[in-house]
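Participant: Sequence plus predicted model, see below.
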Amino acid sequence: MRPLDWVVLVASLVSIIAYGLYRSRGSNTVDRYLLAGKSMPWYAMALSIMATQASAVTFISTTGQSYIDGMRFVQFYFGLPIAMVAICATAVPIFHRTKVYTAYEYLEQRFDAKTRALASIIFLCQRGLSAGITIYAPAIVLSAILGWPERATTLLMGATVVTYTVLGGIKAVTWSDVQQMGIIFLGLLVALIMVFVLLPASVSPRDAIFLAGAAGRLNAVTTHFDWNDRYNIWSGLLGGTFLFLSYFGCDQSQVQRYLTGRSVAESRLSLLFNAVAKIPMQFFVLFIGTMVFVFYLFVQPPVLFERAELARIQPLPEYAAVKSDFDRAIEQRRHAALALAAAHRAGDTTAERRDEVGYRAAQHDIDTVRARASKLVEQAGGPAGFSDTNYIFLSFVTRYLPVGIVGLVIAVIFAATMSASSGEINSLATVTIVDIYRRHIRRGRSDHHYLTASRWATLFWGAYAVAFAGWGNRLGPLIIAVNVVGSLFYGSLLGCFVLAFAFPRVRGSAAFAGMLAGEAAIFWAFLFSHIGWLWYNAIGCLVVMAVALAITYAWPAASATAERQPAQ
Amino acid sequence: MFWDEKPKNASAAITFPGRGPPFPIPASAAGPCYTPSMTGPGDVPDDPPPFLRTWRRVYAAVLIYLAALVAGSYLFTRAYR
């Protein structure tokens, strides 16, 4: 980081905070603080939804993922437009009509207090866990790349987020998200342009795409079916639909974005914008990763992209052989890539086939040597199952991008972290106050009282996220697991909302029992099966519905009695 | 226990267009602490979309767009395999 990079980074952060606070003036009632007085235009909500979903890890990890594994991760998002259409047709008008602050508040109107409480607690557990990780995960990468202490990175990001979230409420969060998405788009576009600029003069963008495809990195669609494979078209369309239904329909961090809309139409448009824009955006991010892969065909990459772990294995006697094999394979791949590109340009199919075989063999050798290096990391006392995927893109940025652009890309990482965590903190505070505090602890107080409580709750969850992030280095591999743990809760929430929207005969006790059964089923699948976690949402949802419907239809008399009960 | 509580005025009801019989819901007037009120469908206007005239057509357009994206991605994969 040179002085100009610092100027770009600091200017980006200050402008985000200032703009968010400026736009949040007048958030002096609970309604305005938590729902922006239902005044937000569709484009602000749309970008806020996109920003909340896209954490820094999305950009750091997704680019690394496509470098290693190609673009098939994009299939994960194929279910998103289907989910958005379903939510626009069902949840959005119902939430608007019932004038709720939280999605779980609706569950009491539809079912009963215990179902609302259970859903709220599930949300607080699940989202509370991820709030710390959202800040911590990019902090460890930034610290490793830039040499900053982890605590400094988490404190800087956490303090910035908490400041504008506490002061400005959801308006500040939403308008900051808009600006953050602007910085993110700009940074990614500049990064892609720079990759093409840095390619050798003899390699055109068309050659680069061809070489990425020949190495299997443009595998955007894979049609084979495998329960254990997270990223194929079937898990994307089916599992992804359930996941995004859960996320956008039942997760308060998303629901609260579109509850701020001026009208049903504005909220629908914000979701449909995401339905249209999300897949191309992810495609674009993954494409950047594949072009970084092509860049490293012609520039010597390190054996491992994480400097600390590379330094750990360099003194080992086995490292010399690994390095020698790696350098030889890299050189072979470079020659094969140049020959392949030349053969492709000349239209010489015989030479193209021959060079492609050599190119793929060299790539296979490189993958094998990198796997040996990862094993060395473990042998040297590094983390088990070590992977440097998250370090690839930032390593490229800090080594090869020009001054100023590095600051911009680091600002992208900060912006993505802040947008995701501010949405989480804001929604956690909302559920804490509306569904727990106002409902069960302090009833009937003034609007000012709940506004003050909302600010304190926001501060609490912000401090919790920063504290949890600071403690994160003791979690080790659990950091990775926590993202999976999130999917352990979504399925039962989704099942409950499907029952609420689509099955008028189902009552609160049946839904409550269904949610408990759904959670039990998901935990069974998690602990005792090899089913991929993307399917947990579908399993949980179906079990909740099956159990609740079975109870409803097995004991119709009880249901009917409950329905006839006079008001208490 | 709080989950045994029954909201007052539980006879208030809401109907959703195209759905079955109405179900009882607790009304907002139950007490000073209770969260915002359930209102009738007419209170929140369901404006038409700014293009394609009906929401059904917009949804259909989004799904057709998805099909085109998936097909395009498949062709992209095939072209550069």
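Facilitator: In hand now; what should we look at?

Participant: what phi and what psi does the backbone show at A:Gly261?
Facilitator: Backbone torsions for A:Gly261, taken as degrees, to the nearest 10, come to phi -70, psi 150.

Participant: Tell me how far the closest residue to it other than its chain neighbours lies from chain B.
Facilitator: If the residues on either side of it in the chain are set aside, A:Gly261 comes closest to A:Ser267, at 3.6 Å by CB to CB, 6 or more residues apart in numbering or on different chains. Any C-beta I mention is one placed from the backbone N, CA and C, and that applies to glycine too. The gap separating A:Ser267 from chain B is 10 Å, by CB to the nearest CB, to the nearest Å.

Participant: helix or strand right after the host helix or strand of A:Ser267?
Facilitator: Assigning secondary structure by DSSP states H and E places A:Ser267 in helix A:264-298. Downstream of helix A:264-298, the next assigned helix or strand under DSSP H and E is helix A:307-313.

Participant: Could you check how many residues crowd around A:Ile313?
Facilitator: By the criterion of other CB atoms under 10 Å in any protein chain shown, A:Ile313 has 24 neighbours.

Participant: Over to A:Val397?
Facilitator: For A:Val397, the neighbour count with other CB under 10 Å is 23.

Participant: and what of A:Ala346?
Facilitator: The burial metric for A:Ala346, expressed as a neighbour count using other CB under 10 Å, is 10.

Participant: So for it, what pLDDT did the model give?
Facilitator: Reading off the per-residue confidence, A:Ala346 sits at a pLDDT of 90.

Participant: any idea how far it is from A:Glu352?
Facilitator: In this structure, A:Ala346 and A:Glu352 are 9 Å apart, going by CB to CB, to the nearest Å.

Participant: Also A:Pro402?
Facilitator: For A:Pro402, the distance to A:Glu352 equals 35 Å [CB to CB].

Participant: who's more crowded, these two?
Facilitator: Counting neighbours by other CB under 10 Å for A:Pro402 and for A:Glu352 shows that A:Glu352 has the greater number, 21 against 13.

Participant: residues of the host helix or strand of A:Arg353 that come out buried?
Facilitator: Using DSSP H and E, A:Arg353 maps to helix A:349-379. Going by neighbour count (16 or more other CB atoms under 10 Å in any protein chain shown), the buried part of helix A:349-379 is A:352, A:355-356, A:358-360, A:362-363, A:365-366, A:369-370, A:372-374, A:376-377.

Participant: Where do the helices of the stretch 151-300 of chain A begin and end?
Facilitator: Across the stretch 151-300 of chain A, reading from the start of the chain, the helices by DSSP state H, counting those that start in this stretch fall at A:205-214, A:233-234, A:240-250, A:252-259, A:264-298.

Participant: how about those helices, which one is nearest A:Lys38?
Facilitator: Of all the helices of the stretch 151-300 of chain A, it is helix A:252-259 that lies closest to A:Lys38, at 7.5 Å by CB to CB.

Participant: and that closest one, does that touch chain B?
Facilitator: No - with CB under 8 Å from any CB of the partner chain as the threshold, helix A:252-259 lies outside contact range of chain B, at a closest distance of 11.1 Å.

Participant: now for that helix, which elements pack on it?
Facilitator: Contacts defined by 3 or more CB pairs under 8 Å, 6 or more residues apart in numbering or on different chains; DSSP states H and E place helix A:252-259 against helix A:30-35, helix A:42-53, helix A:91-98, helix A:103-110, helix A:113-146, helix A:240-250, helix A:264-298, helix A:405-431.

Participant: could you give the mean pLDDT of the second one?
Facilitator: Mean pLDDT, helix A:42-53: 89.

Participant: same deal with the first one?
Facilitator: Per-residue confidence for helix A:30-35 averages out to 88 on the pLDDT scale.

Participant: how far is that helix from where the chain is centred?
Facilitator: On the basis of CA atoms, centre = their mean, to the nearest Å, helix A:30-35 is displaced by 26 Å from the centre of the chain it belongs to.

Participant: Excluding its own residues, what touches that helix? List them.
Facilitator: Taking contacts as CB atoms under 8 Å, 6 or more residues apart in numbering or on different chains, the residues outside helix A:30-35 that touch it are A:26-27, A:37-38, A:101, A:169-171, A:256, A:259-260, A:426, A:430, A:433-434, A:447, A:450-451, A:454-455.

Participant: Relative to A:Leu155, which of the helices of the stretch 151-300 of chain A is closest?
Facilitator: If you check each of the helices of the stretch 151-300 of chain A against A:Leu155 by CB to CB, helix A:252-259 wins as the nearest, at 22.5 Å.

Participant: Format the CA atom coordinates belonging to that closest one as PDB.
Facilitator: Output in PDB follows, covering the C-alpha atoms of helix A:252-259 (Å, rounded to 0.1, in the frame of the first residue of the first chain):
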ATOM      1  CA  GLN A 252     -34.700 -10.600   8.400                       C
ATOM      2  CA  SER A 253     -31.500  -9.100   7.000                       C
ATOM      3  CA  GLN A 254     -33.000  -9.400   3.600                       C
ATOM      4  CA  VAL A 255     -36.700  -8.900   4.400                       C
ATOM      5  CA  GLN A 256     -36.000  -5.700   6.100                       C
ATOM      6  CA  ARG A 257     -34.500  -4.200   2.900                       C
ATOM      7  CA  TYR A 258     -37.600  -4.600   0.900                       C
ATOM      8  CA  LEU A 259     -40.000  -3.700   3.800                       C
END
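
Participant: hmm, who's touching it?
Facilitator: Looking at helix A:252-259 with CB under 8 Å, 6+ apart, the contacting residues turn out to be A:34-35, A:38, A:45, A:48-49, A:52-53, A:91-92, A:95-96, A:100-104, A:123, A:127, A:170, A:174, A:247-249, A:267, A:270-271, A:423-424, A:426-428, A:430-431.

Participant: What of stretch A:185-205?
Facilitator: Residues beyond stretch A:185-205 that count as contacts (CB under 8 Å, 6+ apart) turn out to be A:59, A:208, A:211, A:284-285, A:287-288, A:291-292, A:294-295, A:298-299, A:338, A:341, A:397, A:400-402, A:405, A:408-409, A:411-412.

Participant: what would the helices and strands packed on helix A:252-259 look like in TSV with mean neighbour count?
Facilitator: Output for the helices and strands packed on helix A:252-259, formatted as TSV (neighbours: other CB atoms under 10 Å in any protein chain shown):
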stretch	mean neighbour count
helix A:30-35	23
helix A:42-53	24
helix A:91-98	22
helix A:103-110	27
helix A:113-146	23
helix A:240-250	26
helix A:264-298	22
helix A:405-431	27
